[in-house]
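K.L.:
my questions are about this predicted structure, shown below with the sequence.
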Amino acid sequence: MNGWPEGRTDGGDADRATRSMPQTQQRSGGYGPPPAQARPAQGEPPLPPGLSPRRTVPAPGRSTESYSGGAPSSSSQPGNGGGGATTYRAGRSGSGGGLGSTRTKGRPNWRRRITWGALTVVTVLVATSIGTYVWADNKLDRTVDLSALPNQPALGKGTNYLIAGSDNRQNLTPQQQKELHTGSDDEGQFGNSDSMMILHIGSNGDTLLSLPRDSYVTIPAFTGSSGKHYPATTHKLNTAFSWGGGALLAQTVEYNTGIHIDHYAEIGFGGFVNLVNALGGVHMCLSQPLVDQASGADFKAGCQTFNGAQSLEFVRERHQAAQQDLSRMANQQKFLAAVAHQAATPSTVLNPFKLYPVLSAGIDTLSVDKNMNPYDLAQMFWAMKSVSGGSGHSLTVPISNANYETQTDGDTVLWDQSQSKTLFSELQNDQPVTISSNDASSVVANG
């Protein structure tokens, strides 16, 4: 006896390699009996049904090659005497699966999902923005044609907005006039303007310049709505608005300042109240109590939130302060800046249920020039916010006499001609502002 099982010789590995060669040809060549029908070598236990025999052929100096479904693969066999072996695994070739292969189920393509999700978000945002722009553009009340004004100054550098606060009561009922302490509308066809400001947007920072309504200026010759021609005359600046509305006011401002007015925006009583209410009120801080029976204002010192009616009472108050209109203008500047700042907060901008009512109320309170569009309006809004944030200038036109007595208009305000001329030239040419004015306000905005 040689000590080897029947059918084996002391050739050992060589004999097994010899007997394995036909199987290799069958699997690699695709002919011969299926691997599952191969018989186990003598002395080896039978294999369960459906499984193929596994043979290892030592190959010194070579890594192990595994055939699964007719395809070889290599793997290291540690502890094999430095040699390798060839392993045959029966199975179906390709990636179709089988006993000798692992089938990978389809996984979600997250990159594709994220891409499509981002595209969907962008599309929705663009569509919403376009829809909002069109809605706002159709909603604007365009009343003043600045291009029709005679003798306009040359186009300046930067952009200049003329902003007026109107006490026109045409949209208010008698009950609302009583509740808001506005009085009756007996100031002519266009009412009065409680505030007039030039907002300059330029490369050297934004500037908000208040023009006292009692400024004694020249109202240039104009043609009224009835076609009647009126000669040039000298009156309060507010008279120009009362006689000819925003068009004559813009013409008068251009005539006396030399600043080209690019856009006009008029803020009315009723819409102003609705805007503040849509914002949920405006937070302001007063350094002293404020009481004015004429406007209805009755506020304690300290920080508080004004609703729409209270806000109107506040911006119209002028009898308590010694400088009256000058103090009121300073208060109005800070209040408008506070409104702009609060409207730009994330709680408003990111909440569509609050943003759209605010936009609607804001547009309803405005009358603008015929070339104004929502982009111009947004630019004006952000400039107001810029001024309130301290990155711009807020001042009143330099005054030489705040109580100049006239025969026709009573007490008026005279501008300092030298400083005013310098300031107007700086704004027209978009130069750094070097002129400043004293702030007579007792109020600070608390954004």
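P.N.:
Great, that's in hand.

K.L.:
now what about stretch 366-381, what contacts it?
P.N.:
133, 136-137, 140-147, 159, 161, 163, 166, 199, 201, 246, 263-268, 271, 340, 343-344, 363 (CB atoms under 8 Å, 6 or more residues apart in numbering). Using the backbone N, CA and C atoms, a C-beta is placed for each residue, glycine as well.

K.L.:
excluding sequence neighbours, find me the nearest residue to Asp298.
P.N.:
Nearest residue to Asp298 in three dimensions, chain neighbours excluded: Val291, at 5.3 Å (CB to CB, 6 or more residues apart in numbering).

K.L.:
three-state assignment of the closest residue to Ser394 other than its chain neighbours?
P.N.:
Sequence neighbours aside, Leu208 is the residue nearest to Ser394 in space, at 4.8 Å (criterion: CB to CB, 6+ apart). Applying DSSP: H, G, I helix; E, B strand; the rest coil to Leu208 yields a three-state assignment of strand.

K.L.:
now do the contacts for Leu208.
P.N.:
Leu208 neighbours (CB under 8 Å, 6+ apart): 197-200, 333, 337, 383-384, 387, 392-395.

K.L.:
what's the answer for Phe306, then?
P.N.:
Applying CB under 8 Å, 6+ apart, the residues contacting Phe306 are Val276, Gly281, Val282, His283, Met284, Phe299, Phe314.

K.L.:
same thing but at 7 Å, please
P.N.:
Val276, Gly281, Val282, Met284, Phe314 (CB atoms under 7 Å, 6 or more residues apart in numbering).

K.L.:
again, but for Trp110
P.N.:
No contacts exist for Trp110 under CB under 7 Å, 6+ apart.

K.L.:
what helix or strand is Ile363 on?
P.N.:
Ile363 belongs to helix 352-364 when assigned by DSSP states H and E.

K.L.:
I'd like to know how far Ala400 sits from Ser195.
P.N.:
One thing to correct before we go on: residue 400 is Ser, not Ala. 21 Å (CB to CB, to the nearest Å).

K.L.:
so the two - more neighbours on which side?
P.N.:
The residue with more neighbours, out of Ser400 and Ser195, is Ser195; 25 against 13, by other CB atoms under 10 Å.

K.L.:
tell me if I'm right that the more buried one and Leu209 touch.
P.N.:
No - the pair Ser195 / Leu209 is not scored as a contact, 11.7 Å apart, by CB atoms under 7 Å.

K.L.:
state the pLDDT value of the residue nearest to Asp298.
P.N.:
Looking at Val291, its pLDDT reads 85.

K.L.:
double-check that it belongs to a strand.
P.N.:
Yes - counting by three-state DSSP, Val291 is found in a strand.
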